[in-house]
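# any chance you can model this:
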Amino acid sequence: MDTRQRIMRTALAVFLRKGYDRASMNEIAREAGVTKGGIYHHFESKEHLFREALSFITSEMDRWSTARFRDVRSAQDLLAALFGSIGPMREAFENIVGGKAERHPYSFLEILVNAARRDEGVRREMGAMYSRTRGNMTRLLLRAQQGGEIRGDIDCSALALEITALMEGILLLSVIDETVDLDEVGERIYANMWRMVAA
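Here you go, the predicted model:
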């Protein structure tokens, strides 16, 4: 791992632990094993580092999800893969950041929402990522509908949005409610969802 990537991974861990406003460049430098000047050699400001770290984690998670869903061909496979990926998604996130995250992945989404409020570039980039994901999901659901796999009266675009919102909501609940077990809940939600949409 090169120095730039090490700084970004360390910055992510600090941002996740402290939030953007409380994270300091001194702390990031200390934990990354570089000088503060070493950070500024690669990133012109804390905001620049933050934006690059967000791009890094989203592109890494994008790569992970592309590999995970590469062989999905049916709506049933899609739902099983999506809801079965909640626990593994957390593990992938922790591996990318480097070690155990101190909080669940939702803390990344929390930081993302705050960043999108203050930075139009972040909002556009994240909006495009979610839009791409929903578009891919909608196309697969439409093919499944045309093939008679899911009910004909379902609005596939709305279903893709519901699935996305449900996934994000599960991550949020796992932070608020300790009884929500990400490794166990996905299978039950998948079974419910499939009963609702299957033809």
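# burial measure for Ile57, as a count.
The number of residues packed near Ile57 is 22, by other C-beta atoms under 10 Å. C-beta: built from backbone N, CA, C; applies to glycine.
# let's see stretch 28-37 as CSV, backbone CA atoms only.
Taking Å, rounded to 0.1, in the frame of the first residue of the first chain, the C-alpha atoms of stretch 28-37 are listed here in CSV:
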residue,chain,number,x,y,z
ILE,A,28,-4.4,11.5,11.0
ALA,A,29,-0.7,12.1,10.4
ARG,A,30,0.2,10.5,13.7
GLU,A,31,-1.9,7.4,13.0
ALA,A,32,-0.7,7.1,9.4
GLY,A,33,2.9,7.3,10.5
VAL,A,34,3.7,10.4,8.5
THR,A,35,4.3,14.1,9.2
LYS,A,36,1.6,16.7,8.8
GLY,A,37,3.7,18.0,5.9
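# so what touches it?
Thr3, Arg6, Ile7, Thr10, Ala11, Ala13, Val14, Met25, Asn26, Gly38, Ile39, Leu49 (C-beta atoms under 8 Å, 6 or more residues apart in numbering).
# quick check: the fifth one touching Glu47?
No. Applying C-beta atoms under 8 Å as the test, Ala11 and Glu47 come out as separate, 11.5 Å apart.
# between those two, who's got more neighbours?
Neighbour totals were compared for Ala11 and Glu47, and Ala11 leads with 27 against 14 (other C-beta under 10 Å).
# next up, identify which helix or strand the more buried one is on.
helix 3-18 (DSSP states H and E).
# helix or strand right after that helix?
Defined by DSSP H and E, the subsequent element after helix 3-18 is helix 25-32.
# after that next one comes which helix or strand?
Counting by DSSP H and E, the next helix or strand C-terminal to helix 25-32 is helix 36-42.
# give me the distance from that next one to the chain's centre.
Offset of helix 36-42 from its chain centre (C-alpha atoms, centre = their mean, to the nearest Å): 28 Å.
# can you check stretch 173-184 too?
16 Å.
# in stretch 163-172, what counts as buried?
Ile163, Met167, Ile170, Leu171 (16 or more other C-beta atoms under 10 Å).
# that's all I had, so thanks and see you.
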